[in-house]
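Q: whatever this is, show me its structure:
(one chain, ligands or ions: 1)
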Amino acid sequence: MIHRRKVKSMPPGIGMTSQGTRDRLVRRLRDHGIRDENVLNAIAMTPRHEFVDEALSSRAYEDTALPIGLGQTISQPWVVAKMTEAVLDCGSPQKVLEIGTGSGYQAAILALLVPSVFTVERIEELLKLARRRFHKIGLHNIYTRHADGHLGWPSQAPFDAIIITAAAIELPLGLLDQLRIGGILVAPIERGGMQRLLKIQRTEEGYEEEDLGGVIFVPMLSGLS
Ligand code: SAH
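A: Presented below is the predicted three-dimensional model:
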């Protein structure tokens with residue numbers, strides 16, 4: 001293995017956001033059970049430091065959630081990878097709906113893997129920043145909407161997959177209705193005072209549920225801000 005040494009004259013900060021730093025994150029995700037090479041590639045290609053405040057950019061490739069203002073967080077990369085893997089499990093999804101745009105990072109990862117990504121955020125200020133980031137890094141297949149995600153995006157339904165990146169008290173049945181048969185919903189749902197990441201597949205008869213483990217997300221709220 002070749003070990004590259006940091007060039008002495010490199011301005012501070014640059015090293016922390018370099019490809020080497022990103023590749024280290026990818027190795028960590030691989031070590032922690034993420035197997036889908038397409039997902040790992042998408043994470044390697046995506047500049048996560050563009051999705052956080054500059055003051056936090058040196059921490060952007062740590063496997064942790066980070067604050068993005070207004071009481072919200074950018075999800076931990078491992079969780080993003082796990083949820084993305086679950087979405088890709090429904091075959092070759094063409095249309096994916098995300099509830100909770102936040103920084104836009106999860107949407108950006110999906111946009112490298114799926115033809116069309118629809119994302120809904122209730123806080124307009126966050127949505128504006130996310131749109132700017134999509135534009136800056138040249139992602140043109142993400143469609144955004146300022147709305148309460150409980151409503152989904154009826155005019156674009158049915159979706160092949162829906163991903164909710166805020167924790168709901170109960171399964172949002174209205175969103176399940178916007179899934180095609182065979183489609184997958186991935187969401188953190190409160191169960192017995194804890195949040196469980198659930199993967200739910202819509203079937204001809206109803207729904208099948210799989211528990212992917214414990215997670216910590218900010219709550220899914222109602223109304224606009
Ligand atoms: N996917 C984001 C994670 C953001 S945190 C990322 O990659 O950065 C969760 C986000 O869900 C927050 O921005 C929060 O405002 C949003 N949210 C919470 N309840 C919502 C609702 N009912 N509709 C839409 N967005 C919601």
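
Q: which residues of the chain lie near the ligand?
A: 72-75, 99-100, 102-103, 105-106, 120-123, 126, 148-150, 165-166, 218, 220-222 (CB under 6 Å from any ligand atom). Every residue, glycine included, has its C-beta placed from N, CA and C.

Q: so what sits opposite Leu97 in the bridge?
A: For Leu97, the beta-bridge partners are Phe118, Ile162 (DSSP bridges).

Q: pLDDT weak spots in the chain?
A: Residues of the chain meeting the criterion pLDDT under 70: 1-16.

Q: which residues touch the residue of it found nearest the ligand?
A: The nearest approach of the chain to the ligand comes at Gly102, 2.2 Å away (CB to the nearest ligand atom). Shown in contact with Gly102 (CB atoms under 8 Å, 6 or more residues apart in numbering): 68, 72-75, 121, 126, 130, 165.

Q: ok, Leu151 touching Gly174?
A: Yes. Using CB atoms under 8 Å, Leu151 is in contact with Gly174, at 7.0 Å.

Q: mind checking the longest strand of the chain?
A: Secondary structure of the chain per DSSP state E: the longest strand is strand 179-191.

Q: find the nearest non-adjacent residue to Leu179, please.
A: Leaving aside its sequence neighbours, Leu179 sits nearest to Arg202 (CB to CB, 6 or more residues apart in numbering; 4.5 Å).

Q: which residues touch the one you found?
A: Contacts of Arg202 by CB under 8 Å, 6+ apart are 176, 179-185.

Q: quick one, phi/psi of it?
A: Note on Arg202: its backbone torsions stand at phi -80, psi 130 [degrees, to the nearest 10].

Q: helix, strand or coil for the residue most central in space within the chain?
A: Residue closest to the average C-alpha location in the chain (CA atoms, centre = their mean): Gln106, at 2.4 Å. Classification of Gln106 using DSSP: H, G, I helix; E, B strand; the rest coil returns helix.

Q: from memory it sits against Val96, does it?
A: No. Using CB under 8 Å, Gln106 makes no contact with Val96, being 10.1 Å away.

Q: give me the common contacts of these two.
A: Common neighbours of Gln106 and Val96, using CB under 8 Å, 6+ apart, are Ile163.

Q: and the helices in the protein, which stretches?
A: With DSSP state H applied, the chain shows helices at 19-31, 37-45, 77-88, 105-111, 124-136, 173-176, listed in chain order.

Q: most tightly surrounded among those helices?
A: For the helices of the chain, the largest average neighbour count (mean count of other CB atoms under 10 Å) is found in helix 105-111, namely a mean of 26.

Q: quick one: list the elements packing against that one.
A: Helix 105-111 sits against helix 37-45, helix 77-88, strand 95-99, strand 116-121, helix 124-136, strand 142-146, with contacts defined as 3 or more CB pairs under 8 Å, 6 or more residues apart in numbering; DSSP states H and E.

Q: so what's Pro115 up against?
A: Per CB under 8 Å, 6+ apart, neighbours of Pro115: 94-95, 141.

Q: Leu56 - how many residues pack around it?
A: Burial of Leu56 is recorded as 15 neighbouring residues (other CB atoms under 10 Å).
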